[in-house]
Structure formats: C-alpha cells, structure tokens
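Visitor: Structure, please.
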Amino acid sequence: MALGNAAGFQDQPFATVEESDIKVKLLPLLTNKIEVSRIVVKGLIVNLAKNSQDVSNWSDLTAVDATKTGPSPSINNNVKQDETDALAVSAISGIAVENALINWDDQRSGKHLLIKDVNLNTDKFVYDEPVAVDLSLVVLNPETKIHRVCQTNDRANG
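Guide: Below is the predicted model:
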C-alpha cells in the first residue's frame, strides 16, 4: 500500500506499508460497537519533509478546508447525542509496528535524520487505563555520524 506525496515534493511516496492486518469482530457491530483485534503494520516507511518555504508534506493531511459550504455543526449542551447514532471503538487489543523506517528531510535547515528498525508493541487499549508500551529504534544523523539506539518498556497513562 502506498500513499502519495503532497504536490511540490519528491516523487517518492509519503508512506508505504508492506503488510498490515486489522480485524474487526462482527457481533459487536450489531450493537454499534467496534472491537478491533491487534493492529499489525509491517515494513512501514514514512518520508517526512519540509521544503525551503517551511511547508511540510503532511500539512495537507491536517489542513482544515475553509472552502467547504456544508452546514457547520451546532453546539448545544442541553441536547445529549443519542449513543446509538454513531459507532464507537470500544476495544483495540493492541498495536504492533514491525521494522518501520522514518526519513526526515528538512530542506530549509538542511537537517536529515533516519530513524530505522522502529518496533512498537502495545497491550490492549482501554479508556482511562495505562497501556504497556515496548519501543525500540535506531536514530542515525548522517551529519554528525551519531548513532543512537533507543529502547523502552513503559506503561503510559491512557
């Protein structure tokens, strides 16, 4: 799977994934709940870049479209939204990212970083509960020839 890069950036994809696996349980969907098994992403490559005008190649993914002409949602604190109107993710059994690579290229400052061998494993996500996180990665800075290996096994509050 590949996601193209923003206009004005290199022809290489913004992100590619060799393999992914996401399963959703069928029966909870009947009660408007989404229960996701472990999410596994293998061989993720992300190419992050900023051009000389300090515009990032992901800014179009996060930009708000001011030209939309549809009605804006109204806010009314006295009306409670019916919970059956929308699907809600009720459980994610964990996330695994295996052998990921992140390229960072800042053309304005001339800085380049390569983060490789990124491996992430988490336990089940439960609202307002700590999540165990195992993370390892290698950071390479070609300018300084510094190589740093990072590894953590921590429990973060959700």
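Visitor: contacts and neighbour counts: CA atoms only from here.
Guide: Fine.
Visitor: And the helices in the chain?
Guide: Counting by DSSP state H, the segments of the chain that form helices are 59-62.
Visitor: which intervals of it have sub-threshold pLDDT?
Guide: Within the chain, the stretches falling below the threshold (pLDDT under 70) are 65-88, 145-147, 155-158.
Visitor: if we go to 90?
Guide: Within the chain, the ranges that satisfy pLDDT under 90 run 6-11, 23-37, 52-55, 59-92, 107-111, 125-129, 140-158.
Visitor: Do a quick rundown of the strands in it.
Guide: With DSSP state E applied, the chain shows strands at 2-3, 15-16, 19-21, 33-36, 39-42, 45-50, 88-92, 95-106, 111-122, 131-141, 146-156, listed in chain order.
Visitor: May I have the strands that pair with the third one, each with its orientation?
Guide: In this case it means strand 19-21. Using DSSP bridges, strand 19-21 pairs in its sheet with strand 39-42 (antiparallel).
Visitor: What are the contacting residues of the partner strand?
Guide: Contact with strand 39-42 is made by 17-23, 92-100, as judged by Cα atoms under 8 Å, 6 or more residues apart in numbering.
Visitor: now swap in stretch 136-156 and tell me
Guide: By Cα under 8 Å, 6+ apart, the residues outside stretch 136-156 that reach it are 111-120, 130-135.
Visitor: can you count the residues close to residue 7?
Guide: 9 (other Cα atoms under 10 Å).
Visitor: again, but for residue 128
Guide: A total of 8 residues lie near residue 128 under the criterion other Cα under 10 Å.
Visitor: What distance do you get for it to residue 37?
Guide: Taking Cα to Cα, to the nearest Å as the criterion, residue 128 is separated from residue 37 by 19 Å.
Visitor: can you check residue 120 too?
Guide: Looking at residue 120 against residue 37, where the rule is Cα to Cα, the gap reads 16 Å.
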